[in-house]
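1. Build me a structure from this.
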Amino acid sequence: MDISDKATQQEELAREEALRQIRLPENPAATSLLYCVDCGARIPKRRRLAVPGCTRCVGCQAYQEIGYP
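-> Presented below is the predicted three-dimensional model:
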């Protein structure tokens, strides 16, 4: 095994560890916020289940991603 193979192996291990740390929990709704961090509106349960870890309501998330003038 040469140095290139060792570097590739280390990179693969680091990638696997990073993926392991971001895998979804058993109950994804538990990690989502109940209220939007921007406007304070309640985030519907269906959104929290569909988008694990969400912190914004649909409107505020759209504004965050698209950004209206």
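2. Can you list the low-confidence ranges for the protein?
-> 21-30, 69 (pLDDT under 70).
3. Show the subsequent helix or strand relative to the lengthiest helix in it.
-> Using DSSP state H, we find that the single longest helix of the chain is helix 3-22. Going down the chain from helix 3-22, the next helix or strand is helix 45-50, by DSSP states H and E.
4. Show me what counts as buried in the very next helix or strand once past that following helix.
-> Next helix or strand after helix 45-50 toward the C-terminus (DSSP H and E): helix 58-66. Neighbour counts over helix 58-66 (16 or more other CB atoms under 10 Å) mark 60-61 as buried. C-betas here are computed from N, CA, C, even on glycine.
5. Which residues does helix 58-66 contact?
-> Taking contacts as CB atoms under 8 Å, 6 or more residues apart in numbering, the residues outside helix 58-66 that touch it are 36-39, 41, 47, 54, 56.
6. Closest one of those residues to residue 3?
-> residue 54 (43.2 Å; CB to CB).
7. what number of residues lie near the closest residue to the closest one other than its chain neighbours?
-> Distances taken as CB to CB, 6 or more residues apart in numbering put residue 32 closest to residue 54, at 4.8 Å, once the chain neighbours are dropped. Neighbour count of residue 32, defined by other CB atoms under 10 Å: 18.
8. Relative to residue 35, how far out is residue 68?
-> 22 Å (CB to CB, to the nearest Å).
9. And for residue 44?
-> 11 Å.
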